[in-house]
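Visitor: need the 3D shape of this:
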Amino acid sequence: MTPVTSAAMSPGTGRSVSNGTIESPRKYGVRLTDSHPELETEQAHVDLAHQRLDDAREQAVRLKDMVEVGKGGTNQARWEREVFYENIATRLQQLDLGDRSLCFGRIDQAEEAGGGSYHIGRIAVASESQEPLIVDWRAPVAEAFYRATGRDPQGLVRRRHFTSRGRRILDLEDEFFGEAAGAQRVLVNGRELRGTGALVNALQESRTGRLGDIIGTIQTEQDEIIRSSMSGVLVVQGGPGTGKTVVALHRAAYLLYAHRFPLEGQGVLVIGPNRLFLGYIEQVLPSLGEAGVELAVLADLVSGVRVAGRDHQLGARIKGDLRMVNVVRRAVKDRERPLRADLVVGMGIRKIRVPMAETVRIVAEAQRRFRTHNAGRRFVEQSLYEALAEHHPDPVDPEVVREQLGSTPEVREALLWMWPVLSPAQLLHDLYGSPALIRSATKSKLSAAEQAALHRRWSDGMDASTVVWTVDDVPVLDEALEMLGARPRRKTADARPGEDDVRTYGHIVVDEAQDLSPMQLRMLTRRSLNGSMTIVGDIAQSTGAWAHESWDEVLEHLPDRREPRRSELTVGYRIPGPTMDLAAKILTRAAPDLQPPVSVRSEGDPPKNVAVSDPDRLIAGVIDAVIAETTADDGSSDSRGNGAATGNVAVICPRSLYDPVVDGFRNADITIGSAPRDGLDHQITAVPVNLVKGLEVDVAVVVEPVQIVDEEPQGYRSLYVAATRATKRLVLVNARPLPDVLEDAE
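Guide: You can find the predicted model right below:
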């Protein structure tokens, strides 16, 4: 990890560093609040901004009370009140900062650049005379706060960083440019770090169980991604601790600010890998003043179905394969069938006979005319009634035939056979439940084992409405919806308005995209209105059934209207150097062609190995290790400044050991949260290794590393993910020997 350097600079920033890595905020020129001559002035400015914010909030509350939505008036008047009410509620949410800091810095421009001074903050605040007190961090003038470097000061003579807690400024840190600059700057991978004091303070805070924003400490390589053009597909590769998730969320907030029209109407969608992850990130965008972004997992994009669990490896692999497109297409065609005999309908002592050949013509014509299956249903109905009228013994209108014979068992059964109205769940329920239908739909394109992986034996009485589908079924259901189309709502009582509609979005952000199958990527492409997407992930953390080896494999299935752009985050902020060194050993086996991120944190506790001699005492060893961590005094402060605090601890388990670990803690009368149910709301949380991706905790206790390697489809990559979650300490607890790449772990 040699690219971390310190270098002479002219012009540059005024602070001294050691070996180019950030260690303690007092080591590189942070001017602390007890000695800075402008502290009181800055605090007064921030106090005034908060007062103006409070005034705006009170005014919005009064307006909200005045237009409270209720009964009465015309429909137009009620609609107008609802829109006004919703706008005020949104504004109130933007103005409610909670305990988050409003302002985190200031820039002073050189005379030739305008000579202005601007305070940069979370949202824009103006004085009574409409002079800017705080400039929104996304505004063009604020770009220099994130982009200015010693080599390119972007018109600045000074950049000031605040370390704040709520409304109070705790520290000030000044960086000077041009003639006022000092002699050294911090370079990591050739890029200059900015605001190192504020950055260290943020990194040293204990985790809260929720991802926080980084608007006060965004670094240049992150800001370049955040403010990158909206057009086309942007792929962001970032190793553990590089901030790729929070950068992607800040990008969503920035794009909404910079492209309010049309994005506010078109919508912005953020897709996460699971609901635990969504709960972890859900506070970031509201903290940035953007409450209108939709957070979802893929299952949320298909309505009317219940989803839980995953398929086994082969089933997941098949359902993510593009061969399923043709399987679904043939499954639909198999439900568009002419009758196998003449249709005979009794009318008292008389009968109407429609020749089988007539139904062959009707089905073929419907297939020719209509792109989606359900769109052809009314044509088939009308054509069949016309055929019945044509063969009626008396001259009669087809609508009369519909009224007379539409409810007869013979006609209903004929329509159900020829062209049934189908939902995606009904189509796949019938397909998966019948080996014969699977064989017909696959047409020997799938092997016998692959066909068997699709088969699902249904319990007696189970129908499509009661099925619980897997995560891997979701893109197949979506493909079925694409081919079936919306059901005729007039004829289908159970189809709610809009249930079969596919919504598109002006911009889509996809996190942990490296695990998405071609079918899942096809599903997302279908929802992109204009091909504008941000794809974020780490190839080294590809752990699923469709783990990709390169981003080219992912881009192959995404919109290609414009040439895709690629960015890489190379600097790791979250993970201490000693932990990253251990993780780098795992990476040599997990993804030998990839380089680990360069950690800017040289300080940190080395990873610990707790070897348990008796396998029967493994759980007891895990409990002892967690107790040791939760009672340790690490000398840090929690996010509220309450002195020494270990913060939260994740017990990361192989899936087979998850229940025994949870039971062991509860039997020992130790409170432990269950990540799938509780998120990271407890100090101690058990997390199955397949759900830990994207999360960060203070302490990670990884249980039986070799079992993770043995059980997971991409074992070493899963272990790499587990080993890179901790911001403070990593502990390995094992009864079996460690994987050979970790044999020298202490």
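Visitor: measure Val421 to Arg378 for me?
Guide: 10 Å (CB to CB, to the nearest Å). Heads up, the C-betas are built off the backbone N, CA and C, glycines and all.
Visitor: tell me the helix or strand right after the helix or strand hosting Val344.
Guide: Per DSSP states H and E, Val344 falls inside strand 343-347. Next along the chain after strand 343-347, taking DSSP H and E as the criterion, comes strand 350-354.
Visitor: who does that following strand touch, helix- and strand-wise?
Guide: Secondary-structure packing of strand 350-354 (3 or more CB pairs under 8 Å, 6 or more residues apart in numbering; DSSP states H and E): strand 343-347, helix 377-390.
Visitor: what's the longest one in contact with?
Guide: Contacts made with helix 377-390 from outside it, assessed by CB atoms under 8 Å, 6 or more residues apart in numbering, are listed as 343, 345, 352, 354, 358-359, 362-363, 365-366, 369-370, 396-402, 405-406, 411, 414-415, 418-419, 421, 488, 491.
Visitor: cool, and stretch 603-615?
Guide: Contacts to stretch 603-615, defined as CB under 8 Å, 6+ apart, come from residues 23-24, 576-579, 582, 618, 620-621, 624-625, 634, 723, 728-736, 738, 742, 745-746.
Visitor: counting only helices, which of the residues you listed make the cut?
Guide: 577-579, 582, 618, 620-621, 624-625, 723 (DSSP state H).
Visitor: max pairwise distance over these: which two?
Guide: Comparing every pair within the ones in helices among the contacts of stretch 603-615 by CB to CB identifies Gly577 and Ala620 as the most remote, at 31.5 Å.
Visitor: looking at the protein, which helix is longest?
Guide: When the chain is parsed with DSSP H, its longest helix is helix 39-66.
Visitor: now it: mean pLDDT?
Guide: Helix 39-66 shows an average pLDDT of 88 in the prediction.
Visitor: which residues does stretch 581-593 contact?
Guide: 1, 240, 539-540, 575, 594, 596, 607, 714, 716-717, 719-720, 723-724, 730, 739, 741-742, 745.
Visitor: buried ones in that stretch?
Guide: 581-587, 589-591 (16 or more other CB atoms under 10 Å).
Visitor: for Gln520, state which of those residues is nearest.
Guide: Using CB to CB, those come closest to Gln520 at Ala591, 21.2 Å.
Visitor: sticking with Asp321, tell me its helix or strand.
Guide: Applying DSSP H and E, one finds Asp321 in no helix or strand.
Visitor: quick one, phi/psi of it?
Guide: phi -80, psi 140 (degrees, to the nearest 10).
Visitor: how many neighbours does it have?
Guide: For Asp321, the tally of surrounding residues (other CB atoms under 10 Å) stands at 18.
Visitor: likewise for Arg210?
Guide: For Arg210, using other CB under 10 Å, the count is 15.
Visitor: same thing with the one 10 residues further on?
Guide: Other residues within reach of Thr220, judged by other CB under 10 Å, total 16.
Visitor: likewise for Leu416?
Guide: 11.
Visitor: packing partners of the helix or strand harbouring it?
Guide: Using DSSP H and E, Leu416 sits within helix 409-418. In this structure, helix 409-418 packs against strand 343-347, helix 356-369, helix 377-390, with contacts taken as 3+ CB pairs under 8 Å, 6+ apart.
Visitor: tell me the most buried of the ones you listed?
Guide: Most buried of those by mean neighbour count (mean count of other CB atoms under 10 Å) is helix 377-390; its value is a mean of 20.
Visitor: give me the pLDDT value at the nearest residue to Asp311 once chain neighbours are set aside.
Guide: Nearest in space to Asp311, with sequence neighbours left out and distances taken as CB to CB, 6 or more residues apart in numbering, is Asp472 at 4.3 Å. pLDDT for Asp472: 97.
Visitor: for Asp99, see how far away Asp472 is.
Guide: 41 Å.
Visitor: picking that back up, now, which of the contacts of stretch 581-593 lie within strands?
Guide: Using DSSP state E to define strands, the subset of these located there is Leu730.
Visitor: which of the contacts of stretch 581-593 are buried?
Guide: By neighbour count, with 16+ other CB under 10 Å, the contacts of stretch 581-593 hold 1, 240, 539-540, 575, 594, 596, 607, 714, 716-717, 719-720, 723-724, 730, 739, 741-742, 745 as buried.
Visitor: contacts for the following helix or strand past the helix holding Leu416?
Guide: Counting by DSSP H and E, the next helix or strand C-terminal to helix 409-418 is helix 424-432. Contacts with helix 424-432, where a contact means CB under 8 Å, 6+ apart, come from 302, 304-305, 328, 331-332, 335, 437-438, 441, 454-456, 458, 463-465, 467, 469, 473, 476-478, 480-481, 484.
Visitor: doesn't Val509 lie inside a strand?
Guide: Yes: under DSSP: H, G, I helix; E, B strand; the rest coil, Val509 falls within a strand.
Visitor: my guess is it contacts Gly537. True?
Guide: No: proximity of Val509 to Gly537 does not meet the contact threshold set by CB atoms under 8 Å, at 11.4 Å.
Visitor: what residues does Cys103 make contact with?
Guide: Contacts of Cys103 by CB under 8 Å, 6+ apart are 45-46, 49, 119-122, 134, 162, 164.
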